[in-house]
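>>> Predicted model, plus sequence, below.
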Amino acid sequence: MEQQRNGHGRRAFLAGAAGLAGAALLSGDLGIGPSGLELLAGGAPAAPVGYVQPGGRVVPASSLRAGPLDGRGVVVRLAGLRGDVAGDASVLADLHLPSATRHGSTVPFYAYTRRAGGSSTPARLGVAAARGARFGVYHQVTTAAGRQDRVAVFASGRRSGMVPLVPGTYLVGLDGDPVAGAAALVLEVAEA
């Protein structure tokens, strides 16, 4: 009976545990079903992603080890294009963050546009890391031959199907593998 007088009785414990479980499920991160970034990744073919090592060598980003950013946010800068892109090609790119209020959705942010007449200025976005930094890059390349959509999803923790996230420069392939020198979006990631 003494536990109840201190406010730590069984009912208080169960009520607190239920509140924590409900908050976790409604936070948009631990909801039932796939997350918004998982749905984004399933909505278009995966873009090949390379990572620029010190010295300029490009390696597959899948060879990186994730984890050094867990618990800390990052600043993501979509800096433009690297490599040859056809003169008539239009490139549109958005950065997607997981929605904090709706599990299964993302919040898109305009990041980059390139049209035959020129390109936009680089976009920069801070990504919070309550449970690890996560974001997606969705891009469209349109030429006279048609339109091609691709997506790459990045995560600082170990998540299946997502590109490992560490500070540095990534190359997100437009129509080929950037490790082999294909044209790519340049994505710079730094600790916040």
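Nice, I can see it.

>>> Give the next helix or strand downstream of the worst-scoring helix or strand of the chain on mean pLDDT.
Ranking every helix and strand in the chain by mean pLDDT, DSSP states H and E puts helix 10-26 at the bottom, with a mean of 48. Using DSSP states H and E, the helix or strand that follows helix 10-26 in sequence is helix 36-42.

>>> name the helices or strands packed onto that next one?
strand 90-98, strand 106-115, strand 134-143, strand 146-155 (3 or more C-beta pairs under 8 Å, 6 or more residues apart in numbering; DSSP states H and E). Quick note: C-beta positions are derived from backbone N, CA and C, even for glycine.

>>> Now distance to Gly173, mean neighbour count and mean pLDDT too, for those strands, in JSON lines please.
As requested, the helices and strands packed on helix 36-42 are exported to JSON lines (distance: least, C-beta to C-beta, whole Å; neighbours: other C-beta atoms under 10 Å; pLDDT from 0 to 100):
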{"stretch": "strand 90-98", "distance to Gly173": "12", "mean neighbour count": "21", "mean pLDDT": "91"}
{"stretch": "strand 106-115", "distance to Gly173": "15", "mean neighbour count": "17", "mean pLDDT": "88"}
{"stretch": "strand 134-143", "distance to Gly173": "10", "mean neighbour count": "21", "mean pLDDT": "91"}
{"stretch": "strand 146-155", "distance to Gly173": "7", "mean neighbour count": "19", "mean pLDDT": "92"}
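
>>> Nearest to Leu174, out of these?
Ranking those by distance to Leu174, with C-beta to C-beta as the measure, places strand 134-143 first at 5.1 Å.

>>> what pairs with the closest one, and is each one parallel or antiparallel?
Strands that pair with strand 134-143, judged by DSSP bridges, come out as strand 90-98 (antiparallel), strand 146-155 (antiparallel).

>>> where are the low-confidence patches of the protein?
1-32, 67-71, 129-132, 158-160 (pLDDT under 70).

>>> so who does Ala114 touch?
Heads up, residue 114 is Arg, not Ala. With contact taken as C-beta atoms under 8 Å, 6 or more residues apart in numbering, Arg114 is in contact with Gly80, Leu81, Val85, Ala89, Ser90, Val91, Ser120.
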